[in-house]
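> Here is a sequence with its predicted model. Questions after.
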Amino acid sequence: MVNSSQDFEDCSYDELATKHVSVRRVLGLFKAYSTRLIMMLILIVASSALGMASPFLLRAIIDDALPNGDLGFLALLAGSLIVLACLGTVIGVLQVAITSRVGQAIMHDLRVRVYAHLQSLSLGFFMTTRTGEVQSRIASDIGGLQALVTHTASELTRNVSTVVMTIIAMLALEWRLALFSFLVLPAAIWISHRVGKVREEITYEQQLRIADMSSMVQESLSISGIILARTMGRTDHLTRRFVRTSEGVAALEVRSHTAGQWQWAVIDLVLQALPASTLLLGSILMSQGTAAVTIGTMVAMVALQEQLLWPLEEVLRSGVEIRTTRALFARIFDYLDRPVETRERPGPTVLDRKSIRGAIRLHKVSFAYDGSQRPTIDDVSIDIPAGSHVAIVGATGSGKTTLGYLLARLYDVDAGSICYDGVDVRDLSFQSLTDMLGVVPQEPYLLNASIADNLRFARPDASDEDLIAAAKVAQVHEMISALPNGYDTLVGERGYRFSGGEKQRIALARTLLRRPRVLLMDEATSALDPVTERAMSQALETMDRECTTITIAHRLSTVRHADRIFVMDHGQLVEQGRHDELLALGGVYAEMVRSAL
Ligand SMILES: Nc1ncnc2c1ncn2[C@@H]1O[C@H](COP(=O)(O)OP(=O)(O)OP(=O)(O)O)[C@@H](O)[C@H]1O
């Protein structure tokens with residue numbers, strides 16, 4: 001089988017399904033709803049039992065009431081048939097209501113579990129997984145289970161119960177004719193098993209292709225994707241690529257629908273021929289004088305067969321459907337089983353927001369990305385006193401952003417420790433860490449909402465005055481006020497409506513709203529002109545002299561006034577000191593300053 005998704009490169013479908021899916025685990029999803037499910041089971045068994053009575057009433061009408069001209073008995077039997085039909089209908093309605101509710105509740109649980117679990121996975125997961133793939137698993141795979149949990153499961157129960165009861169009724173009615181009717185069963189079960197296996201594999205492949213398509217749309221029909229394709233003249237190529245993927249999806253859909261068509265047709269034919277063969281066999285038995293076989297018995301047997309065949313076919317088809325959902329469960333459970341790398345430890349240290357000072361200490365910190373040959377951060381020790389303004393500089397790829405990720409505990413260190421106010425970051429509660437640290441990342445990410453909503457994402461209870469104050473410090477208030485809709489202006493997809501510098505300043509205002517004790521700015525002012533940048537630094541200083549500020553920057557003019565500058569090179573801390581001290585040292589920093597001139 002073709003594995004086009006990167007997540008499955010090392011794992012065949014069978015291995016994946018065996019590893020993640022078990023009957024127990026799937027049944028576990030239904031556990032929380034066991035009371036309602038038991039109620040439904042009772043209703044199902046009751047409705048099948050009611051169904052069983054009809055052929056016996058029919059036999060009594062044909063063999064007793066009609067030949068004897070007993071109108072009173074006939075009316076009683078006919079009336080009973082009508083009452084049974086009414087009861088069956090009411091039970092059917094109740095059953096649909098319960099199954100839809102329980103089914104939707106299970107789907108909802110699963111969606112929320114996957115979403116919440118993905119929220120807690122490490123950055124590494126999102127760096128190696130396509131966004132479209134994630135969307136596809138939450139929407140398409142969980143959506144695909146809808147049929148199982150809302151329809152197939154209850155139908156299967158109902159049909160199995162009908163099949164079992166009908167088989168018992170048939171045996172009770174006339175065992176020879178009954179056994180003759182059952183001859184077809186083994187072949188039908190074998191065929192459905194084969195078709196189920198084929199469909200299961202096709203479904204898995206289909207979901208991979210749908211995820212490919214979703215990723216492709218997500219990647220190429222975003223603003224960045226459109227700009228890239230248009231400026232590179234690759235729109236036709238992308239369309240052709242999409243055509244190929246879409247053709248693949250269509251072909252698989254056809255295969256999935258036509259798999260086992262012939263086998264089903266043969267089963268259908270045999271089942272349709274069954275009533276005629278039964279009547280023939282019954283007549284032979286009658287002519288040989290078998291007393292138990294009467295016309296009424298034969299009519300009732302054919303009625304029971306009709307009652308058996310449809311549910312039996314449905315049971316077989318449900319078996320096929322359940323097998324295909326195994327492929328969907330495999331993909332969903334695979335996500336749920338991804339380990340959470342950075343966890344809050346039980347009973348974490350909670351810092352009182354008011355007493356947070358903002359001192360940071362990195363002690364012999366080392367870190368390597370998965371699969372990386374050499375450490376990205378190599379034995380780095382840094383002391384940042386509370387309230388100081390420090391800078392981290394270094395050549396591109398020297399590990400500055402990675403150091404920021406470690407400070408924000410987006411990854412855990414491999415060796416050494418990072419402490420805030422003397423507490424190891426791994427012991428801090430997540431809430432204390434976010435109270436402590438505000439991060440303005442290299443690429444500001446704005447939500448597709450108004451500017452005010454974007455700012456309030458950081459602090460939902462912020463007043464309009466708070467928003468304006470933060471925007472003023474970030475030097476963006478004037479720009480926002482000049483917009484026709486001011487703070488209510490919609491940012492648009494990923495904030496493309498704004499310039500790079502405007503986005504950076506909105507992102508900074510957003511972080512400032514949280515009033516962090518430590519502000520980490522990773523190239524957060526790289527798109528600003530020097531005058532605006534200077535005004536912002538001054539505003540930041542006057543806003544909160546106590547705030548510890550860490551600036552990661554390429555532009556050395558940004559950092560020359562820092563209390564301390566840390567110089568990184570190939571993951572190591574090679575120099576540290578004030579601007580003039582480092583210049584006097586004549587090392588890496590001095591060389592960077594020289595080449596920047
Ligand atoms: N997810 C990742 N997996 C593997 N290697 C990575 C990953 N992210 C970054 N790296 C590598 O780690 C090194 C340090 O990257 P980092 O982004 O920390 O550098 P930087 O100093 O911030 O660079 P720049 O100034 O260009 O932003 C680089 O060689 C980079 O290729």
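Here it is on my side, so go on.
> For the rest of this, base every contact and every neighbour count on C-alpha atoms.
OK.
> same for the biggest helix by length in the chain, what does it pack against?
In the chain, assigned by DSSP state H, the helix with the most residues is helix 71-119. Where contact means 3 or more CA pairs under 8 Å, 6 or more residues apart in numbering; DSSP states H and E, helix 71-119 is packed against helix 34-60, helix 142-144, helix 146, helix 295-336.
> so where's the stretch 251-400 of the chain uncertain?
291 (pLDDT under 70).
> How much space separates the residue nearest in space to the middle of the chain from residue 99?
Note on the chain: the residue nearest the mean C-alpha position is residue 138, at 3.3 Å, using CA atoms, centre = their mean. Counting by CA to CA, to the nearest Å, the gap from residue 138 to residue 99 is 22 Å.
> what does residue 295 give?
Using CA to CA, we find residue 295 at a distance of 40 Å from residue 99.
> If you count surrounding residues, which of the two has more?
Set residue 295 next to residue 99 and count neighbours by other CA atoms under 10 Å: residue 99 wins out with 21 against 16.
> May I ask you to confirm that that one is in contact with residue 155?
No. Contact criterion CA atoms under 8 Å: residue 99 and residue 155 do not qualify, at 9.6 Å.
> Which residues of the stretch 351-500 of the chain lie near the ligand?
With CA under 6 Å from any ligand atom as the criterion, the stretch 351-500 of the chain comes near the ligand at residues 369, 372, 376, 396, 397, 398, 399, 400, 401, 402.
> which residues in the stretch 201-350 of the chain form helices?
223-231, 235-258, 261-287, 295-336 (DSSP state H, counting those that start in this stretch).
> State the distance from the closest residue to residue 138 other than its chain neighbours to residue 145.
Of all residues not flanking residue 138 in the chain, residue 111 sits nearest, at 6.3 Å (CA to CA, 6 or more residues apart in numbering). Distance, residue 111 to residue 145, by CA to CA: 11 Å.
> Pick out whichever of the two has more residues nearby.
residue 145 (22 against 19).
> give the contact list for that one.
By CA atoms under 8 Å, 6 or more residues apart in numbering, the contact set of residue 145 is 107, 325, 328.
> Format those residues as JSON lines; extra columns: neighbour count and distance to residue 494.
Shown next, in JSON lines, are the contacts of residue 145 (neighbours: other CA atoms under 10 Å; distance: CA to CA, whole Å):
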{"residue": "107", "neighbour count": "19", "distance to residue 494": "30"}
{"residue": "325", "neighbour count": "23", "distance to residue 494": "36"}
{"residue": "328", "neighbour count": "25", "distance to residue 494": "31"}
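> and these as CSV, adding distance to residue 305?
Converted to CSV, those look like this (distance: CA to CA, whole Å):
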residue, distance to residue 305
107, 36
325, 30
328, 35
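> Quick check: residues of the stretch 1-150 of the chain near the ligand?
Within the stretch 1-150 of the chain, the positions adjacent to the ligand are residue 124 by CA under 6 Å from any ligand atom.
> pLDDT weak spots in the stretch 1-150 of the chain?
1-11.
> try it again with 50
For the stretch 1-150 of the chain, applying pLDDT under 50 flags the ranges 1-9.
> Would you tell me which one of the helices and strands packed on helix 71-119 is buried the most?
The highest average neighbour count among these, using mean count of other CA atoms under 10 Å, belongs to helix 295-336 at a mean of 21.
> Please enumerate residues in contact with the helix or strand containing residue 454?
Per DSSP states H and E: residue 454 is located in helix 451-456. By CA under 8 Å, 6+ apart, the residues outside helix 451-456 that reach it are 446-447, 462, 467, 487-491, 506-507, 509-510, 513.
> what do you get if the cut-off is 10 Å, keeping everything else the same?
Outside helix 451-456, the residues within contact range by CA atoms under 10 Å, 6 or more residues apart in numbering are 445-450, 457, 459-460, 462-464, 466-468, 470-471, 480, 485-492, 495, 506-514.
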